[in-house]
Each structure stands twice: as C-alpha cells, then as structure tokens.
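*Asks:* Sequence first, then the predicted structure, then my questions.
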Amino acid sequence: MVKKNKTEKNIILYIAKKPTGSMTEVRAELKKELGKHIQLGIIFDKQQESKIDPTILEKFDIKISCDFSSKKNIIKSLLPYEDEILAITTRGEKNIPIFQEIIPHVPYLRTPSVKSLEWSIDKVQMRRHFNAYDKKITPKYSVIHDSKISTIKKIENKLGYPIVLKPAGLASSLLVTKAYHREELETNLKMAFKKLNKVYKEVEGRGEPTMLVEQFMDGDMYSVDAYVTSRGKVYFCPIVKVITGKNVGFDDFFGFKRSLPTKLNAQNIKNAEEAARKGIKALRLRSTTAHIELMNTQEGWKLIEIGPRIGGYRDEMYRNAYNIPHTLNDILIRIPKKPILQKKINGYTNVYNFYAKKEGKILSIKGLKNAQHLKSTQTLKQNKKVGDKAVFAKHGGKPVLEVTLFNQSKIQLMADSRKLEKMIQIQL
C-alpha cells in the first residue's frame with residue numbers, strides 16, 4: 001500500500017493588506033526560522049480589487065479575490081488552500097471585521113475568537129470588559145447617543161471635568177476631543193455628532209456610530225505590543241513613550257513623537273505589563289499580536305485601549321532599537337512558535353507625525369531637504385503637498401509628514417530630533 005503524501009502547510013495568508021517592509025525579507029526570515037519554503041498569500045475584497053495597487057499584489061505568491069458578504073463565497077475561495085494554510089493574520093484595524101468573517105471558515109488554524117475581536121474594536125464593549133475584570137485599570141466612562149442638555153447633565157453628574165470624548169468604533173485619534181467645562185462639552189459634542197456618520201462611512205468604522213465619554217487621565221502616555229499564545233501566555237515587547245499633539249501645543253491627541261527605548265525603571269515596566277496583561281485577559285484575546293496604549297497616572301497604570309493587531313510603526317521601531325523581528329513574531333505566535341525577543345539595545349529611534357498648527361490650504365512646507373539629510377533620518381514620507389488641505393487628526397486628517405529617525409548614538413539622535421522639530425514648518 002502506497003502512502004499518500006501529506007499536504008505541506010506552507011502558506012501564510014494576509015487579509016487585505018501586505019506586511020510592512022520587504023516581502024523578500026519576510027520570506028527569508030520565515031524560511032530560516034521554519035526550515036522550509038513559505039508562500040505568502042493575500043485574500044482581499046473582490047469589490048475593492050480595482051483600488052489595490054497591482055504592484056503590491058504581484059509580490060504575493062497566492063492571490064485570492066473574495067466576496068466577504070457571502071459565506072458560500074468565502075468557503076469556495078479558501079477551499080483550494082485550506083490544507084496548506086499554516087497561519088492567517090491581518091494588519092490594520094479596518095480589516096478586523098473581514099477577519100471576523102473568515103475565522104469560522106478556518107477552524108483548524110489558531111486565531112482569536114470572533115467575540116474577542118468584536119470586544120477589542122468597539123471602545124464601549126472594551127471599557128465594559130475592563131471594568132468587569134478590574135476597575136482599577138480603566139477610567140470611569142459613559143456611553144451617549146446625542147448632545148441634549150439632559151445627556152450633558154448626566155455626564156457632569158457621573159464624570160465631572162475634564163473629560164475626553166471619543167467615537168466607539170474609530171481608530172487613531174479620529175474625532176477625539178477634550179472638554180474642561182460645559183460650553184466646551186456642548187460645542188465638541190455637536191461637532192462630533194455632526195461628523196460622526198460621515199467619518200464612520202469614510203474610514204469604515206466598526207459598529208453603530210456611538211460616542212464614549214470618559215474621565216480624562218492625567219499622566220504620561222506609553223504603548224506596547226505583545227504576543228498572546230493560544231493558551232493565553234503573553235510575551236511583551238519593549239514599551240514605547242508617546243508624546244501627543246496635546247503635549248506640544250496642538251488641540252489634538254495624535255501621536256506627535258514615539259520614542260524607544262524609554263527611561264522607565266524595571267518596577268514601572270512590570271506594573272505597566274501587569275495592567276496590559278489584565279486588559280488582554282479581560283478581552284479574552286489569544287493567538288494574536290496586541291497593541292496596548294496606557295497612561296501612567298498617580299493612581300497607577302490605566303488602559304486607554306487595546307487593539308488585536310500590530311501597532312503603527314512598530315515593525316521599524318522594534319527592529320531598529322532591539323533587532324526584534326516584529327512581523328515574523330506576529331506569524332510565529334499563530335503557528336504557534338515562541339517569538340524572538342531581545343533585551344540588548346541596538347540603537348535609538350524616534351518616529352514623528354507632523355501636522356499643521358491650523359487647518360487650511362498648505363502654502364509651503366519648509367525644512368524637507370534638510371530633514372532628509374540629517375544623520376539619523378531613516379525614512380521620510382510626505383502625505384500632503386503644497387496646495388493640499390491640512391486637516392487635524394481629530395477631524396480625520398493624515399499627518400503632512402511621517403519621519404523615522406534612528407541612530408546607534410543616543411546623543412546624535414537627540415541632536416537630530418531637536419533639529420527636525422525646529423526645521424519642519426508647515427505654513428498655511
């Protein structure tokens with residue numbers, strides 16, 4: 001009797017978006033770690049195919065066009081590959097709902113549960129789970145659906161001031177505002193509800209358009225990515241310091257500067273990781289990378305939010321500062337294999353998001369050429385040019401510039417960071 005050859009599982013399937021960096025490097029790292037040739041595949045929305053850059057699709061070995069609104073079509077699209085898929089992952093929060101549709105049809109792969117993803121991308125459900133698990137890790141909050149006076153009084157009685165307003169189903173800093181008094185709260189709520197439905201539609205917000213109001217947390221902001229196994233063991237990457245737009249004079253909460261390594265001592269890091277671990281457990285996340293945003297307050301570490309995905313710029317930052325292969329680890333944790341983590345510092349890195357001080361038509365962007373020639377400049381991405389409209393993050397705008405600095409010399413990085421902050425001037 002001749003034995004039938006067992007189908008080899010060698011496909012890593014990405015949902016709707018490619019991994020950051022070189023796909024050739026991703027294949028090479030996978031082959032080195034797993035000892036076999038790996039194929040990279042992508043499954044994407046058939047209705048969005050015309051919007052996808054064909055040069056990106058060409059980089060994948062396997063391309064699957066699918067109608068995600070049809071369970072039958074999902075089954076049919078995955079069927080030819082189901083015995084060869086080793087792991088499935090996605091990048092970006094907007095693709096999580098697609099992941100939720102796919103999960104029931106890949107039952108033999110290690111994935112988060114559909115419910116845990118639902119709780120993780122809806123800020124209201126997230127707060128409820130944090131609060132139920134451990135009230136100490138989350139601020140007080142209220143869910144609102146209108147800007148009536150009765151609603152405002154309810155907020156004042158329950159939370160007081162200052163408070164933060166944020167949409168339940170939007171990522172980043174979209175429509176996030178702060179209020180110190182009633183007049184400011186009334187203005188911000190009216191503006192938010194006026195734009196809420198439009199922004200949800202434009203950026204594919206999750207769930208019903210709803211506003212979350214919570215106590216403002218006074219402290220220093222940090223974020224960290226972690227790998228969660230199928231059994232709930234959590235491996236933490238190094239913690240990143242975040243300077244927000246608010247910290248540098250903007251009326252906006254976007255991440256202005258992200259820095260690695262930080263100056264936190266071992267006990268502080270341990271306390272931060274414990275709060276993050278509780279949040280991960282509260283959301284019942286498993287077999288995923290998690291991006292956790294936290295605030296270090298006088299009352300201890302509080303969770304801002306947790307996303308079931310890799311955080312922004314983390315591929316570059318972790319590789320720069322610690323030689324941690326973040327994209328590879330995101331796959332390993334789903335196979336599952338132990339992620340590769342390093343404690344030795346390789347260098348120092350800062351990532352900047354530059355916005356204009358006001359909204360309006362851009363007349364000039366000064367300092368671009370000089371910024372490109374700084375010793376520490378690694379990448380400079382220009383999203384807006386002269387003549388384009390500059391829009392705040394809270395109104396759905398992208399940064400005008402995104403700049404990554406890296407240097408093995410801490411002193412040189414500090415010098416170049418200082419120069420960069422002074423030389424970039426966006427005039428309207």
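*Replies:* Arrived safely, thanks for sending.
*Asks:* And the host helix or strand of L420, what does it pack against?
*Replies:* Secondary-structure element containing L420, defined by DSSP states H and E: helix 410-423. Applying 3 or more CB pairs under 8 Å, 6 or more residues apart in numbering; DSSP states H and E, we find helix 410-423 packed against strand 348-354, helix 368-372, strand 401-407. For glycine as for every other residue, the C-beta is placed from the backbone atoms N, C-alpha and C.
*Asks:* just checking, what packs against the helix or strand following that helix?
*Replies:* Per DSSP H and E, the first helix or strand lying C-terminal to helix 410-423 is strand 425-427. Applying 3+ CB pairs under 8 Å, 6+ apart, we find strand 425-427 packed against strand 364-366.
*Asks:* which parts of the strand it packs on are buried?
*Replies:* By neighbour count with 16 or more other CB atoms under 10 Å, strand 364-366 contains the buried residues I365.
*Asks:* List the neighbouring strands of that strand plus their orientation.
*Replies:* strand 425-427 (antiparallel) (DSSP bridges).
*Asks:* now what about the strand it pairs with, what contacts it?
*Replies:* 354-357, 362-367, 390, 400 (CB atoms under 8 Å, 6 or more residues apart in numbering).
*Asks:* Now find how far off-centre it is within its chain.
*Replies:* The chain centre lies 27 Å from the centre of strand 425-427; the measure is CA atoms, centre = their mean, to the nearest Å.
*Asks:* What residues of it count as buried?
*Replies:* Buried, per 16+ other CB under 10 Å, within strand 425-427: I426.
*Asks:* thinking again about what came up before, from the contacts of strand 425-427, list just the buried residues.
*Replies:* Of the contacts of strand 425-427, these count as buried by 16+ other CB under 10 Å: 354-356, 362, 365, 367, 390, 400.
*Asks:* any idea which element the closest residue to C237 other than its chain neighbours lies in?
*Replies:* Nearest in space to C237, with sequence neighbours left out and distances taken as CB to CB, 6 or more residues apart in numbering, is D225 at 4.7 Å. Applying DSSP H and E as the criterion places D225 in strand 219-228.
*Asks:* now swap in L189 and tell me
*Replies:* Using DSSP H and E, L189 sits in helix 182-203.
*Asks:* so for that helix, what's the average pLDDT?
*Replies:* Per-residue pLDDT values across helix 182-203 average out to 79.
*Asks:* right, and the helix or strand after that helix?
*Replies:* strand 211-215.
*Asks:* Show me what that next one is packed against.
*Replies:* So strand 211-215, by 3+ CB pairs under 8 Å, 6+ apart, packs with helix 123-133, strand 141-144, strand 163-167, helix 182-203.
*Asks:* what about those, which gets the closest to D218?
*Replies:* Closest approach to D218 among the helices and strands packed on strand 211-215 is made by strand 163-167 (11.0 Å; CB to CB).
*Asks:* what pairs with the closest one, and is each one parallel or antiparallel?
*Replies:* strand 177-179 (antiparallel), strand 211-215 (antiparallel).
*Asks:* For it, which outside residues touch it?
*Replies:* Residues outside strand 163-167 that contact it (CB under 8 Å, 6+ apart) are 123, 155, 174-179, 185, 188-189, 192, 196, 199-200, 205, 209-217, 253.
*Asks:* let's go with 7 Å and repeat that
*Replies:* 123, 155, 174-179, 188-189, 192, 196, 205, 209, 211-216 (CB atoms under 7 Å, 6 or more residues apart in numbering).
*Asks:* hmm, back to that, need the max-distance pair from the buried ones among the contacts of strand 425-427.
*Replies:* Of all pairs drawn from those, the greatest distance, 15.4 Å, lies between G367 and A390 (CB to CB).
*Asks:* so where does L117 fall, helix or strand?
*Replies:* helix 114-121.
*Asks:* Can you tell me which helices and strands that helix packs against?
*Replies:* helix 96-102, helix 123-133 (3 or more CB pairs under 7 Å, 6 or more residues apart in numbering; DSSP states H and E).
*Asks:* gap between the two ends of stretch 365-379?
*Replies:* 17 Å (CA to CA, to the nearest Å).
*Asks:* Now that stretch: buried residues?
*Replies:* Quick answer for stretch 365-379 (16+ other CB under 10 Å): 365, 367, 371, 374, 376-377.
*Asks:* among those residues, which two are most distant?
*Replies:* Of all pairs in those, the most separated under CB to CB is I365 and S376 at 19.8 Å.
*Asks:* isn't T297 right next to F216, touching?
*Replies:* No. Counting by CB atoms under 7 Å, T297 stays clear of F216, with 10.2 Å between them.
*Asks:* For those two, indicate the residue with more neighbours.
*Replies:* Shown here are T297 and F216; by other CB atoms under 10 Å, F216 has more neighbours (16 against 13).
*Asks:* so how far is the worst-scoring helix or strand of the chain on mean pLDDT from its chain's centroid?
*Replies:* The helix or strand of the chain with the lowest confidence, counting by mean pLDDT, DSSP states H and E, is helix 182-203 at a mean of 79. In terms of CA atoms, centre = their mean, the centre of helix 182-203 is set 22 Å apart from its chain centre.
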